[in-house]
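1. Below are the sequence and a predicted model; questions follow.
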Amino acid sequence: MGRPSKEIGSVGVVGAGTMGSGIAQVAAAAGYEVLLSDQSSQALEAALGKIRHSLERVSRKEDRPSGWIGEVLGRIRPVTDLEGLTRADLVIEAVFEDRGAKTLLLERLGGLLPAETLLASNTSTIPITALAASSGRPGRFAGLHFFNPVPVMPLVELIPGLLSEEETLDLLEEFARRLGKETVRCKDRPGFIANRLLLPLLNGAIRLLDEGTAEAEAIDRAMTLGAAHPMGPLRLADLVGLDVVLHALESMHAELGEAALKPPPLLRRLVEAGRLGCKTGMGFYAY
(Lines give C-alpha, C1' and ligand atoms only; values in the text may rest on other atoms or scores of the structure.)
Protein backbone atom coordinates (compact mmCIF):
# COMPACT_ATOMS: atom_id res chain seq x y z
CA MET A 1 0.00 0.00 0.00
CA GLY A 2 2.99 2.34 0.25
CA ARG A 3 4.00 4.58 3.12
CA PRO A 4 1.32 6.36 5.13
CA SER A 5 1.42 10.13 4.79
CA LYS A 6 2.55 11.73 8.05
CA GLU A 7 2.63 15.22 6.61
CA ILE A 8 2.00 17.07 3.38
CA GLY A 9 5.15 18.32 1.69
CA SER A 10 4.07 18.93 -1.89
CA VAL A 11 0.73 19.90 -3.39
CA GLY A 12 -0.82 19.34 -6.80
CA VAL A 13 -3.60 21.62 -8.01
CA VAL A 14 -5.68 20.61 -11.05
CA GLY A 15 -7.20 23.57 -12.85
CA ALA A 16 -5.45 26.88 -13.50
CA GLY A 17 -8.53 29.07 -13.31
CA THR A 18 -9.38 31.61 -10.63
CA MET A 19 -9.67 29.11 -7.79
CA GLY A 20 -6.82 26.85 -8.84
CA SER A 21 -4.35 29.71 -9.29
CA GLY A 22 -5.41 31.17 -5.94
CA ILE A 23 -4.87 27.86 -4.15
CA ALA A 24 -1.50 27.43 -5.86
CA GLN A 25 -0.47 30.92 -4.76
CA VAL A 26 -1.29 30.51 -1.07
CA ALA A 27 0.25 27.03 -0.97
CA ALA A 28 3.51 28.26 -2.53
CA ALA A 29 3.56 31.32 -0.27
CA ALA A 30 3.24 28.96 2.72
CA GLY A 31 6.35 27.08 1.61
CA TYR A 32 4.86 24.13 -0.24
CA GLU A 33 6.21 22.87 -3.55
CA VAL A 34 3.26 23.20 -5.94
CA LEU A 35 2.48 21.38 -9.18
CA LEU A 36 -0.14 23.42 -11.05
CA SER A 37 -1.82 21.32 -13.72
CA ASP A 38 -3.97 22.30 -16.68
CA GLN A 39 -4.45 20.88 -20.17
CA SER A 40 -3.86 24.34 -21.64
CA SER A 41 -0.37 25.79 -21.59
CA GLN A 42 -1.96 29.19 -22.27
CA ALA A 43 -4.11 28.84 -19.15
CA LEU A 44 -1.02 27.99 -17.12
CA GLU A 45 0.86 30.98 -18.50
CA ALA A 46 -2.09 33.26 -17.70
CA ALA A 47 -2.36 31.78 -14.18
CA LEU A 48 1.31 32.43 -13.45
CA GLY A 49 0.89 36.02 -14.63
CA LYS A 50 -2.14 36.43 -12.40
CA ILE A 51 -0.25 34.95 -9.44
CA ARG A 52 2.70 37.30 -10.03
CA HIS A 53 0.35 40.30 -10.14
CA SER A 54 -1.35 39.18 -6.92
CA LEU A 55 1.99 38.63 -5.19
CA GLU A 56 3.11 42.11 -6.21
CA ARG A 57 0.05 43.56 -4.46
CA VAL A 58 0.77 41.48 -1.36
CA SER A 59 4.42 42.51 -1.41
CA ARG A 60 3.56 46.23 -1.55
CA LYS A 61 0.97 45.90 1.19
CA GLU A 62 3.08 43.78 3.54
CA ASP A 63 6.52 45.19 2.63
CA ARG A 64 8.00 41.82 1.70
CA PRO A 65 11.74 41.38 0.91
CA SER A 66 12.75 42.06 -2.68
CA GLY A 67 13.32 38.40 -3.54
CA TRP A 68 10.10 37.08 -2.01
CA ILE A 69 8.01 37.06 -5.20
CA GLY A 70 10.67 35.09 -7.08
CA GLU A 71 10.93 32.59 -4.24
CA VAL A 72 7.19 31.96 -4.21
CA LEU A 73 6.95 31.67 -8.00
CA GLY A 74 9.95 29.36 -7.96
CA ARG A 75 7.95 26.88 -5.89
CA ILE A 76 5.21 26.62 -8.56
CA ARG A 77 5.84 24.21 -11.41
CA PRO A 78 3.32 24.19 -14.28
CA VAL A 79 2.47 20.76 -15.75
CA THR A 80 0.18 19.97 -18.69
CA ASP A 81 -0.34 16.27 -17.98
CA LEU A 82 -1.82 14.57 -14.93
CA GLU A 83 1.10 12.15 -14.78
CA GLY A 84 3.19 15.08 -13.57
CA LEU A 85 1.22 15.09 -10.31
CA THR A 86 2.45 11.71 -9.07
CA ARG A 87 5.08 13.37 -6.82
CA ALA A 88 2.47 15.32 -4.84
CA ASP A 89 1.38 14.26 -1.35
CA LEU A 90 -1.95 16.05 -1.78
CA VAL A 91 -3.81 16.76 -5.03
CA ILE A 92 -6.65 19.30 -5.01
CA GLU A 93 -9.19 19.23 -7.82
CA ALA A 94 -10.23 22.80 -8.71
CA VAL A 95 -11.84 22.50 -12.14
CA PHE A 96 -15.17 24.01 -13.22
CA GLU A 97 -18.20 23.20 -11.04
CA ASP A 98 -19.57 20.39 -13.19
CA ARG A 99 -20.25 17.00 -11.62
CA GLY A 100 -19.52 14.98 -14.75
CA ALA A 101 -16.20 16.73 -15.40
CA LYS A 102 -15.10 16.36 -11.80
CA THR A 103 -16.09 12.69 -11.69
CA LEU A 104 -14.12 11.83 -14.84
CA LEU A 105 -11.08 13.74 -13.60
CA LEU A 106 -11.12 12.06 -10.18
CA GLU A 107 -11.45 8.63 -11.79
CA ARG A 108 -8.31 9.38 -13.81
CA LEU A 109 -6.43 10.74 -10.83
CA GLY A 110 -7.42 7.75 -8.72
CA GLY A 111 -5.88 5.43 -11.29
CA LEU A 112 -2.69 7.48 -11.71
CA LEU A 113 -1.68 8.59 -8.23
CA PRO A 114 0.06 6.43 -5.61
CA ALA A 115 -2.35 4.82 -3.15
CA GLU A 116 -1.16 6.97 -0.24
CA THR A 117 -1.74 10.31 -2.01
CA LEU A 118 -4.50 12.44 -0.50
CA LEU A 119 -7.19 13.78 -2.82
CA ALA A 120 -9.48 16.73 -2.16
CA SER A 121 -12.12 18.58 -4.15
CA ASN A 122 -12.70 22.33 -4.07
CA THR A 123 -16.35 21.81 -5.04
CA SER A 124 -18.83 24.26 -3.53
CA THR A 125 -22.01 22.21 -3.99
CA ILE A 126 -21.40 18.66 -5.29
CA PRO A 127 -21.76 15.78 -2.77
CA ILE A 128 -18.36 14.75 -1.43
CA THR A 129 -19.22 11.08 -0.87
CA ALA A 130 -20.09 10.65 -4.57
CA LEU A 131 -16.85 12.34 -5.68
CA ALA A 132 -14.88 10.27 -3.16
CA ALA A 133 -16.30 7.05 -4.62
CA SER A 134 -15.18 8.05 -8.12
CA SER A 135 -11.64 8.61 -6.83
CA GLY A 136 -11.27 4.97 -5.76
CA ARG A 137 -9.80 6.07 -2.38
CA PRO A 138 -12.75 7.33 -0.31
CA GLY A 139 -10.80 7.05 2.95
CA ARG A 140 -8.15 9.45 1.69
CA PHE A 141 -10.57 11.93 0.16
CA ALA A 142 -12.47 14.96 1.50
CA GLY A 143 -13.90 18.27 0.41
CA LEU A 144 -11.65 21.30 0.87
CA HIS A 145 -13.74 24.29 -0.18
CA PHE A 146 -11.80 27.55 -0.54
CA PHE A 147 -13.49 30.90 -1.12
CA ASN A 148 -12.83 33.52 -3.79
CA PRO A 149 -10.46 35.37 -3.79
CA VAL A 150 -8.40 32.62 -2.17
CA PRO A 151 -5.45 34.81 -1.06
CA VAL A 152 -7.85 37.11 0.81
CA MET A 153 -10.69 34.97 2.18
CA PRO A 154 -9.71 33.26 5.45
CA LEU A 155 -12.28 30.43 5.45
CA VAL A 156 -11.97 26.83 4.23
CA GLU A 157 -14.86 24.41 4.62
CA LEU A 158 -13.64 20.88 5.41
CA ILE A 159 -16.23 18.30 4.39
CA PRO A 160 -15.75 14.59 5.17
CA GLY A 161 -17.27 12.00 2.89
CA LEU A 162 -19.02 9.05 4.49
CA LEU A 163 -15.77 7.02 4.45
CA SER A 164 -13.16 9.76 5.01
CA GLU A 165 -10.54 8.66 7.54
CA GLU A 166 -9.82 10.84 10.56
CA GLU A 167 -6.11 10.96 9.63
CA THR A 168 -7.09 12.44 6.26
CA LEU A 169 -9.16 15.15 7.92
CA ASP A 170 -6.41 15.95 10.43
CA LEU A 171 -3.82 16.30 7.66
CA LEU A 172 -6.09 18.56 5.60
CA GLU A 173 -6.92 20.67 8.63
CA GLU A 174 -3.22 21.15 9.37
CA PHE A 175 -2.59 21.98 5.70
CA ALA A 176 -5.26 24.70 5.76
CA ARG A 177 -3.89 26.05 9.04
CA ARG A 178 -0.41 26.32 7.53
CA LEU A 179 -1.93 28.35 4.67
CA GLY A 180 -3.19 30.81 7.27
CA LYS A 181 -6.80 29.69 6.87
CA GLU A 182 -9.44 28.80 9.43
CA THR A 183 -11.50 25.66 8.87
CA VAL A 184 -15.04 24.73 9.73
CA ARG A 185 -16.10 21.10 9.48
CA CYS A 186 -19.53 20.33 8.13
CA LYS A 187 -21.46 17.26 7.06
CA ASP A 188 -21.77 16.25 3.43
CA ARG A 189 -24.96 18.16 2.64
CA PRO A 190 -25.79 20.15 -0.52
CA GLY A 191 -24.07 23.55 -0.44
CA PHE A 192 -22.33 22.70 2.86
CA ILE A 193 -22.67 25.76 5.16
CA ALA A 194 -21.83 28.96 3.29
CA ASN A 195 -23.50 28.23 -0.03
CA ARG A 196 -26.52 26.59 1.58
CA LEU A 197 -27.18 29.99 3.14
CA LEU A 198 -25.79 32.24 0.41
CA LEU A 199 -27.19 30.80 -2.82
CA PRO A 200 -30.87 31.23 -1.90
CA LEU A 201 -30.05 34.88 -1.10
CA LEU A 202 -28.32 35.47 -4.43
CA ASN A 203 -31.12 33.70 -6.26
CA GLY A 204 -33.74 35.76 -4.45
CA ALA A 205 -31.99 38.98 -5.41
CA ILE A 206 -31.82 37.92 -9.07
CA ARG A 207 -35.51 37.00 -8.98
CA LEU A 208 -36.42 40.43 -7.56
CA LEU A 209 -34.53 42.06 -10.42
CA ASP A 210 -36.10 39.72 -12.99
CA GLU A 211 -39.61 40.49 -11.67
CA GLY A 212 -38.97 44.23 -11.80
CA THR A 213 -39.36 44.76 -8.05
CA ALA A 214 -36.36 47.10 -7.95
CA GLU A 215 -33.23 48.08 -9.86
CA ALA A 216 -29.93 46.28 -9.20
CA GLU A 217 -28.47 49.24 -7.27
CA ALA A 218 -31.52 49.43 -5.01
CA ILE A 219 -31.46 45.70 -4.24
CA ASP A 220 -27.77 45.84 -3.35
CA ARG A 221 -28.12 49.02 -1.26
CA ALA A 222 -30.99 47.43 0.66
CA MET A 223 -28.69 44.62 1.78
CA THR A 224 -25.56 46.70 2.42
CA LEU A 225 -27.39 49.46 4.32
CA GLY A 226 -30.26 47.46 5.76
CA ALA A 227 -28.54 44.20 6.64
CA ALA A 228 -24.92 45.37 7.03
CA HIS A 229 -23.67 43.10 4.24
CA PRO A 230 -20.23 44.22 2.99
CA MET A 231 -21.34 43.73 -0.63
CA GLY A 232 -24.75 43.56 -2.27
CA PRO A 233 -25.91 40.13 -3.54
CA LEU A 234 -25.91 41.10 -7.22
CA ARG A 235 -22.37 42.52 -7.09
CA LEU A 236 -21.32 39.40 -5.21
CA ALA A 237 -22.87 37.22 -7.92
CA ASP A 238 -20.90 39.19 -10.52
CA LEU A 239 -17.72 38.63 -8.51
CA VAL A 240 -18.32 34.89 -8.17
CA GLY A 241 -19.24 34.56 -11.86
CA LEU A 242 -22.80 34.16 -13.10
CA ASP A 243 -21.95 30.88 -14.82
CA VAL A 244 -20.64 29.53 -11.53
CA VAL A 245 -23.75 30.75 -9.69
CA LEU A 246 -25.99 29.11 -12.30
CA HIS A 247 -24.22 25.75 -12.12
CA ALA A 248 -24.25 25.81 -8.31
CA LEU A 249 -27.97 26.59 -8.22
CA GLU A 250 -28.72 23.85 -10.74
CA SER A 251 -26.73 21.33 -8.71
CA MET A 252 -28.41 22.22 -5.43
CA HIS A 253 -31.88 22.43 -6.99
CA ALA A 254 -31.43 18.95 -8.47
CA GLU A 255 -30.37 17.62 -5.07
CA LEU A 256 -32.94 19.38 -2.87
CA GLY A 257 -35.77 20.36 -5.20
CA GLU A 258 -36.43 23.62 -3.36
CA ALA A 259 -38.16 26.39 -5.30
CA ALA A 260 -35.81 28.98 -3.74
CA LEU A 261 -32.94 27.32 -5.62
CA LYS A 262 -34.49 27.25 -9.10
CA PRO A 263 -32.52 29.67 -11.31
CA PRO A 264 -34.69 32.50 -12.72
CA PRO A 265 -34.80 33.12 -16.50
CA LEU A 266 -32.73 36.31 -16.23
CA LEU A 267 -29.71 34.42 -14.88
CA ARG A 268 -29.86 31.90 -17.72
CA ARG A 269 -30.17 34.66 -20.33
CA LEU A 270 -27.15 36.54 -18.99
CA VAL A 271 -25.02 33.39 -19.01
CA GLU A 272 -26.16 32.51 -22.54
CA ALA A 273 -25.22 36.05 -23.63
CA GLY A 274 -21.73 35.68 -22.17
CA ARG A 275 -22.36 38.34 -19.50
CA LEU A 276 -20.71 36.44 -16.68
CA GLY A 277 -19.84 39.29 -14.33
CA CYS A 278 -16.46 40.79 -13.44
CA LYS A 279 -14.45 38.32 -15.50
CA THR A 280 -16.13 39.36 -18.77
CA GLY A 281 -16.66 43.03 -17.90
CA MET A 282 -20.46 42.77 -17.88
CA GLY A 283 -22.96 41.06 -15.61
CA PHE A 284 -25.59 42.82 -13.57
CA TYR A 285 -23.16 45.76 -13.70
CA ALA A 286 -20.55 47.02 -16.16
CA TYR A 287 -16.90 46.78 -15.09
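-> Thanks, I have it. Numbers count the residues shown, from 1 in each chain.

2. List the residues that contact Glu93.
-> Val14, Gly15, Lys102, Leu105, Leu106, Leu109, Leu119, Ala120, Ser121, Asn122, Thr123 (CB atoms under 8 Å, 6 or more residues apart in numbering). No exception for glycine: its C-beta is placed from N, CA and C like everyone else's.

3. Give the helix, strand or coil label for His145.
-> strand (DSSP: H, G, I helix; E, B strand; the rest coil).

4. Let me see the contact set for it.
-> Asn122, Thr123, Ser124, Val156, Glu157, Leu158, Ile159, Phe192, Ala194.

5. do Gly161 as well
-> Ile128, Thr129, Leu131, Ala132, Ala133, Pro138, Phe141, Ala142, Gly143, Asp188.

6. just to revisit the earlier point, any of the contacts of His145 buried? List them.
-> Asn122, Thr123, Ser124, Val156, Glu157, Leu158, Ile159, Phe192 (16 or more other CB atoms under 10 Å).

7. which element is the fifth one on?
-> Of the helices and strands defined by DSSP states H and E, Glu157 is found in strand 155-160.

8. thinking again about what came up before, can you lay out the contacts of Gly161 as a markdown table showing secondary structure?
-> Formatted as a markdown table, those follow (three-state DSSP):
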| residue | secondary structure |
| --- | --- |
| Ile128 | helix |
| Thr129 | helix |
| Leu131 | helix |
| Ala132 | helix |
| Ala133 | helix |
| Pro138 | helix |
| Phe141 | strand |
| Ala142 | strand |
| Gly143 | strand |
| Asp188 | coil |
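
9. Highest neighbour count among those residues?
-> Neighbours here mean other CB atoms under 10 Å. Within those, the largest count is held by Phe141, at 29 neighbours.

10. Go through stretch 180-189 and flag the buried ones.
-> Buried, per 16+ other CB under 10 Å, within stretch 180-189: Lys181, Thr183, Cys186, Asp188.

11. what are the ranges of the helices in the chain?
-> Along the chain, counting by DSSP state H, helices occupy 18-29, 41-62, 68-74, 99-112, 128-135, 166-178, 194-211, 216-226, 233-240, 242-256, 265-272.
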